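Engineer: The following block contains a protein sequence and its predicted model.
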Amino acid sequence: MEIEENKDIGKLYKALLFYSKIGATKIKLSKVVDDRATELLNKYNIKYKDGLHIAYCELEKIEYLITTDRQLINASGRADLKVKIINQIDFTGEVT
């Protein structure tokens, strides 16, 4: 959903190509995920789309969500999450 909103045709093409190569599939939005994303927005001011990523990670018991979004990383520090939001440099240092 997020990828398809990209107005840069070159970036859109590259992203779609990448996801087709790794066999990614679309995931349907569930009420549980929607409710959690809405809760994160209302309680912690985490953008709804970011909340969807977090909610899916929590649902699947994923330990880390790696991002370069500094605003999301900062917001996650104030939130009660079941997933650790971290940048790739800190992640590498933490797991090696």
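Structural biologist: Yes, it's here. Numbering: from 1, shown residues only.
Engineer: next structured bit after the lowest-mean-pLDDT helix or strand in the chain?
Structural biologist: Counting by mean pLDDT, DSSP states H and E, the weakest-scoring helix or strand in the chain turns out to be helix 9-21, with a mean of 87. Following helix 9-21 in sequence order, the next helix or strand is helix 31-44 (DSSP states H and E).
Engineer: what's the spacing between that next one and its chain's center?
Structural biologist: Taking Cα atoms, centre = their mean, to the nearest Å, the mean C-alpha location of helix 31-44 is offset from the chain mean by 13 Å.
Engineer: In terms of secondary structure, what does it contact?
Structural biologist: Packed against helix 31-44 by the contact rule (3 or more Cβ pairs under 8 Å, 6 or more residues apart in numbering; DSSP states H and E) you find helix 48-59. All C-beta atoms are positioned from the backbone trio N, CA, C, and that covers glycine.
Engineer: Buried by neighbour count: which residues of the helix it packs on qualify?
Structural biologist: The neighbour-count check on helix 48-59 (16 or more other Cβ atoms under 10 Å) flags Asp50, Gly51, Leu52, His53, Ile54, Ala55, Tyr56, Cys57, Glu58 as buried.
Engineer: And those residues, which is closest to Arg70?
Structural biologist: Nearest to Arg70 among the buried residues of helix 48-59: Asp50, at 12.1 Å, using Cβ to Cβ.
Engineer: and that closest one, what is it in contact with?
Structural biologist: With contacts defined as Cβ atoms under 8 Å, 6 or more residues apart in numbering, Asp50 is in contact with Leu40, Asp69, Leu72, Ala75.
Engineer: ok, how many other residues are close to the second one?
Structural biologist: So that's Asp69. Look at Asp69: counted by other Cβ atoms under 10 Å, it has 15 neighbours.
Engineer: Can you tell me the closest non-neighbouring residue to it?
Structural biologist: When the adjacent residues along the chain are set aside, Asp69 lies closest to Asp50, with 7.2 Å between them (Cβ to Cβ, 6 or more residues apart in numbering).
Engineer: if we can go back for a sec, could you pick out the buried ones from the contacts of Asp50?
Structural biologist: Neighbour-count burial (16+ other Cβ under 10 Å) applied to these gives Leu40, Leu72, Ala75.
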